[in-house]
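*Asks:* Turn this into a structure:
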Amino acid sequence: MITIRPSAERGSANFGWLDTKHTFSFGSYYDPKYTGFGNLLVINEDIISPGQGFGTHGHQDMEIVTYVIAGELAHKDSIGNEETIPEGEVQRMTAGTGIRHSEYNHSNQDLVHLLQIWILPDTKNLTPSYEQKSFSRDEKQGKLCLLVSGDGRENSIKIHQNVDLFASILNVGESVTHSFDNDDYGWIQVIKGEISIVESTSTPDKKLLSAIENTSLSAGDGASIQQEKEIKIISSQPDTEFLWFHFKS
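*Replies:* Next comes the predicted model:
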């Protein structure tokens, strides 16, 4: 079952320095149909103006993943990390027993565009920790690149939850397939371009084309994937980019 979450139906707020879109309920935005998806609680698409940012604030018992789409985000936290996260890099912060941090755009002219993701950890009261890695465009081009995983395999960032987070960049007509076991479920979030999601076993061609037509997603759109054995993700625009979450049962 594939359920689309249209970009236009997300929550939104514009504070002048911050333009933000909420896939799930967040802050003053509440939608009883979208209070999260399993262990995935937040996907916020943020655009931060030059010379602006989030002042020091706290988190607890949350795995926070930041994916920078454009620009550079400065990070400083209470456990001694002071880092810059440029385009293409991914950050994981385990809030655990409590952490305070700030996020800032130090550029005088460039926006910072990012996705911030909150995932419930599998254990409460973890020791706060931090990890950051770079993933090149070549690693994502034409395939699913593993960014974050519960076991840290394939040089991915380790997270305290049984989830694999992938990124992919596809050109027109390129596709990737992904399989599920048991009661696994997934979420896809489109960053740029346009994709279609189909069952990879769909035949003949007319059925495949019909399915593509009915499951088209553009930038900002998301979709939940449940009770599927295998899906195919197909790009219909150049430089299509998306994130793919696979939660394991």
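
*Asks:* where in the chain is pLDDT low?
*Replies:* The chain contains residues with pLDDT under 70 at 200-214.

*Asks:* quick one: the helices in it?
*Replies:* For the chain, helices defined by DSSP state H occupy the ranges 137-140, 205-214.

*Asks:* What are the contacting residues of the shortest one?
*Replies:* Contacts of helix 137-140 with the rest of the structure, by Cβ atoms under 8 Å, 6 or more residues apart in numbering, involve 88, 145, 167, 168, 169, 241. Backbone N, C-alpha and C define where each C-beta goes, glycine included.

*Asks:* between those residues, which has the most around it?
*Replies:* residue 168 (25 neighbours; other Cβ atoms under 10 Å).

*Asks:* Now stretch 36-46 - C-alpha only, PDB.
*Replies:* Extracted as PDB, the C-alpha positions of stretch 36-46 are listed here (Å, rounded to 0.1, in the frame of the first residue of the first chain):
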ATOM      1  CA  GLY A  36       4.500  10.600  12.700                       C
ATOM      2  CA  PHE A  37       5.000   7.300  10.900                       C
ATOM      3  CA  GLY A  38       6.100   4.500  13.200                       C
ATOM      4  CA  ASN A  39       9.400   5.600  14.700                       C
ATOM      5  CA  LEU A  40       9.700   8.500  12.300                       C
ATOM      6  CA  LEU A  41       8.400  11.500  14.100                       C
ATOM      7  CA  VAL A  42       9.600  14.600  12.200                       C
ATOM      8  CA  ILE A  43      10.700  15.600   8.600                       C
ATOM      9  CA  ASN A  44      11.100  19.300   8.500                       C
ATOM     10  CA  GLU A  45      12.200  21.100   5.400                       C
ATOM     11  CA  ASP A  46      14.000  24.300   6.500                       C
END
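
*Asks:* Quick check: residue 246 touching residue 150?
*Replies:* No: here residue 246 lies out of contact with residue 150, judged by Cβ atoms under 8 Å, at a distance of 10.5 Å.

*Asks:* So for the two, which residue has more residues nearby?
*Replies:* residue 246 (22 against 16).

*Asks:* got any residues that touch both of residue 246 and residue 150?
*Replies:* With Cβ under 8 Å, 6+ apart as the test, residue 246 and residue 150 both reach 163, 164.

*Asks:* Verify the stated contact: residue 236 with residue 218.
*Replies:* No: here residue 236 does not reach residue 218: they are 9.5 Å apart, not a contact under Cβ under 8 Å.

*Asks:* what do the two both touch?
*Replies:* Counting by Cβ under 8 Å, 6+ apart, the residues touching both residue 236 and residue 218 are 193, 194.
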